[in-house]
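>>> no sequence for this one, just the structure:
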């Protein structure tokens, strides 16, 4: 378990190192992942700047200067559930979680936002980037 609190500066630094050293991000075209995305935890937004499948920077609450194509939002409780070593069904990956929110109208799941075309063009590396949040949490 990471000693850093979820979404603290230290945690995001650990996350950046985890993504940038991940072998999978450099295969199957993941090294072409150049779209920024956001992670919203309660009222805090973190812009993840990606280039070549690596995290260039994480900007907390970027305001109007933040530019991203898509992102994922949820409460701290939902994120903590998603980041469990073995998360519960429907909160174990982003499409299942978003389905519960967007299609079924249920609370307690993560929700995708933004350009759907960009989400699906980048789905594999985006999912991997989210999985690496779990790895960061349990390193």
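Sure thing, it's come through. What you see is a predicted model; the values in this text were computed from it and never measured. Numbering: from 1, shown residues only.
>>> distance-wise, check residue 56 relative to residue 33.
Residue 56 sits 11 Å away from residue 33, taking CB to CB, to the nearest Å as the criterion. No exception for glycine: its C-beta is placed from N, CA and C like everyone else's.
>>> ditto for residue 138
To residue 33, residue 138 is 23 Å away according to CB to CB.
>>> and the two? Which one has more around it.
A direct count of neighbours by other CB atoms under 10 Å for residue 138 and residue 33 places residue 33 higher, at 21 against 11.
>>> can you name the residues that contact residue 108?
By CB atoms under 8 Å, 6 or more residues apart in numbering, the residues touching residue 108 are 75, 77, 78, 81, 91, 100.
>>> so which of the residues you listed belong to helices?
Counted as lying in helices by DSSP state H, out of these, are 77, 78, 81, 100.
>>> among those, name the buried ones.
Buried members of the ones in helices among the contacts of residue 108, scored by 16 or more other CB atoms under 10 Å, are 78, 81, 100.
>>> you'd agree the first one is up against residue 90?
No - under the contact definition of CB atoms under 8 Å, residue 78 does not touch residue 90, with a separation of 10.8 Å.
>>> next, show the common contact partners of these two.
Going by CB under 8 Å, 6+ apart, residues that sit against residue 78 and also against residue 90 are 97, 109.
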